[in-house]
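Asks: test case, fold it:
(2 chains)
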Amino acid sequence: MQHLIDILDLTTAELDALIAKANDIIEHPADYAEKCRGKKLATLFYEPSTRTRLSFEAAMYELGGNVLGFSEAQSSSAAKGESVADTAKIISCYADIIAMRHYKEGAPMVAAMNASVPVINAGDGGHNHPTQTLTDLLTISREKGRLSDLTVGFCGDLKFGRTVHSLLNAMRRYENVRFVLISPEELRIPDYLRQELIKEGVEFTETQSLEAAMPGLDILYMTRVQRERFFNEADYIRLKDSYVLTPEKLAGAPADMAILHPLPRVNEISVRVDGDPRACYFKQALYGKYIRMALILKLLNIE
Amino acid sequence: MVITPINNGIVIDHITAGKAMVLYDILKLSELDCAVAIIMNVDSVKMGKKDIIKIDKVFDLNFDAVGYIDPGATVNIIRDGRLDKRRHLGLPETVTGVIACRNPRCITSTEQELPQVFRLTDREKRIYRCIYCESKAKNH
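Replies: Numbering: from 1, shown residues only, chains lettered A, B, ... in the order given. You can find the predicted model right below:
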């Protein structure tokens, strides 16, 4: 039995197979409409989420399966003090597969250690969010036709952004991938991650200028620069607009660059960019459903 | 100073000078109902100075804990006055029940019955990380 707790639980061959499966689902949705007939997905969401939970549920429904679960800890037995381990054992009696989001880091791993059905980490605090990374990989693969030979720019909060760390970890395993890390000084990637990139000989540059980096990028992955991450208000005010993507800043970008964002967006991408053909963030949300369908099939061993 | 030999027990030798008390605490040797001798700052040909712990009983020692605190230490099991087994420890791949995760966002902070397990992620720099949240352990 396989779980998905960390994106590194999957080999690149497994990632490629999942992407191929998701592409096949997109091409032939009717072939998959009954694949999970009689199967149940439990969505155990201890903290609120819109996209992730609904995309999991939509994924299971489109596979012909059913969904049960809860969307906040208050409506579960966690409110009575039940441990994650016990909940995982109980839910294993009722569902064939579990998707868990929890505010505590490592909770889905504890669930996986105790469940008798596959567990998917649907986000554990600021730690891991592997299905977002799968979504990002499918989007990049569909937009660019490959996951190797790419220059990927990450912009914004690279220090605390779990989606950034996870996508960096997944993509550095592919051939000839270069990273351009665009952030204010305060929000550069953590040192341990920088050391790992250096140790593995991954090509990367760090810059503070989004405009300067733009012309060389195949992918621009935007994240939000949050006020609470700054030590002082003056620095935040000075920097916040540098990392807001506008049509003017996009003027220097390649015509085939793809703009990704894990969403929710607040103001880091101007709504005036939404109509640009390079804006892929809403498509990305759609792809999230397809890759989760592929993942559910894989973990349930359904062809 | 004379410490008499033991007939049945455990001798933790080649402890880095000054670390015997850390091991004493981590291994909870104060909870044993037998004699425990802590010998500190002994002259050593190899190490210059070293510590030694002698325990007058064979019990289920957490070898991983000893290796984590002091990978150069050796553990000798003495039975009937003779050396029965010697183990050179080195850094263990995992340590259980020795380090507590300090990350307040870790699941172990609220579910305290979970075993505290840390995995060696960088042998060169001796970095251990919590298996649940991957936070770095503070070095002893």
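Asks: report the contact partners of the residue in chain B positioned nearest to chain A.
Replies: At 2.6 Å from chain A, residue B:132 is the closest residue in chain B, using Cβ to the nearest Cβ. Backbone N, C-alpha and C define where each C-beta goes, glycine included. Residue B:132 sits next to A:105, A:106, A:107, A:109, A:110, B:101, B:106, B:107, B:108, B:114, B:117 when contact means Cβ atoms under 8 Å, 6 or more residues apart in numbering or on different chains.
Asks: separate out the buried members of those.
Replies: A:105, A:106, A:107, A:109, A:110, B:101, B:106, B:107, B:108, B:114, B:117 (16 or more other Cβ atoms under 10 Å in any protein chain shown).
Asks: of those, which belong to helices?
Replies: A:107, A:109, A:110 (DSSP state H).
Asks: give me the subset of those residues that also touch chain B.
Replies: A:107, A:109, A:110 (Cβ under 8 Å from any Cβ of the partner chain).
Asks: residue A:162 versus the residue lying farthest from the centre of chain B, what's the distance?
Replies: For chain B, the largest distance from the centre (Cα atoms, centre = their mean) belongs to residue B:105, which lies 27.7 Å off. Applying Cβ to Cβ, to the nearest Å, the value for residue B:105 to residue A:162 is 12 Å.
Asks: can I see the domain layout of chain A?
Replies: Structurally, chain A divides into domains by automatic domain parsing as follows: A:7-130+A:288-299, A:131-284.
Asks: what does the pLDDT read for residue 43?
Replies: Let's take chain A. Looking at residue A:43, its pLDDT reads 97.
Asks: hm, I was asking about chain B
Replies: What the model reports as pLDDT for residue B:43 is 92.
Asks: in JSON lines, list the ones in helices among the buried ones among the contacts of residue B:132 along with pLDDT.
Replies: Output for those, formatted as JSON lines (pLDDT from 0 to 100):
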{"residue": "A:107", "pLDDT": "97"}
{"residue": "A:109", "pLDDT": "97"}
{"residue": "A:110", "pLDDT": "98"}
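Asks: list residues touching both of residue B:105 and residue A:162?
Replies: Here residue B:105 and residue A:162 share the contacting residues A:126, A:127, scored by Cβ under 8 Å, 6+ apart.
Asks: can you name the next helix or strand after the one helix or strand residue A:85 maps to?
Replies: Residue A:85 is part of helix A:84-94, with elements assigned from DSSP states H and E. Heading C-terminal from helix A:84-94, the first helix or strand you meet, by DSSP H and E, is strand A:97-102.
Asks: which residues touch residue B:95?
Replies: B:64, B:65, B:67, B:68, B:117, B:118, B:128.
Asks: again with residue A:117
Replies: Contacts of residue A:117 (Cβ under 8 Å, 6+ apart): A:1, A:91, A:92, A:95, A:96, A:97, A:98.
Asks: drop anything exposed from the residues you listed.
Replies: A:91, A:92, A:95, A:96, A:97, A:98.
Asks: which of those residues are close to chain B?
Replies: Answer for those near chain B: none qualify (Cβ under 8 Å from any Cβ).
Asks: which of the residues you listed sits closest to residue B:53?
Replies: Nearest to residue B:53 among the buried ones among the contacts of residue A:117: residue A:92, at 45.0 Å, using Cβ to Cβ.
Asks: buried deepest among the domains of chain A, which one?
Replies: Ranked by mean neighbour count, those are led by domain A:7-130+A:288-299 with a mean of 20 (mean count of other Cβ atoms under 10 Å in any protein chain shown).
Asks: quick one: contacts for the closest residue to residue A:231 other than its chain neighbours?
Replies: Spatial nearest neighbour of residue A:231, chain neighbours left out: residue A:186 (7.2 Å); criterion: Cβ to Cβ, 6 or more residues apart in numbering or on different chains. Residue A:186 is in contact with A:159, A:229, A:230, A:231, A:235, counting by Cβ under 8 Å, 6+ apart.
Asks: who touches the residue of chain A found nearest chain B in this structure?
Replies: Here chain A gets closest to chain B at one residue, residue A:106, 2.6 Å apart by Cβ to the nearest Cβ. For residue A:106, the contact set (Cβ under 8 Å, 6+ apart) comprises A:124, A:127, B:106, B:107, B:108, B:130, B:131, B:132, B:133.
Asks: and the residue nearest to residue A:231, how far is that from residue A:201?
Replies: From residue A:186 over to residue A:201 the distance is 27 Å, taken as Cβ to Cβ.
Asks: just how off-centre is stretch A:203-221 within its chain?
Replies: Put simply, stretch A:203-221 sits 20 Å off its chain's centre (Cα atoms, centre = their mean, to the nearest Å).
Asks: what about that stretch, start to end distance?
Replies: The first and last residues of stretch A:203-221 sit 17 Å apart, counting by Cα to Cα, to the nearest Å.
Asks: show me what that stretch is in contact with.
Replies: With Cβ under 8 Å, 6+ apart, stretch A:203-221 has contacts from A:136, A:140, A:143-144, A:150-155, A:164, A:167, A:177-185, A:188-189, A:197, A:242-243, A:245, A:249-250, A:252-254, A:256-261.
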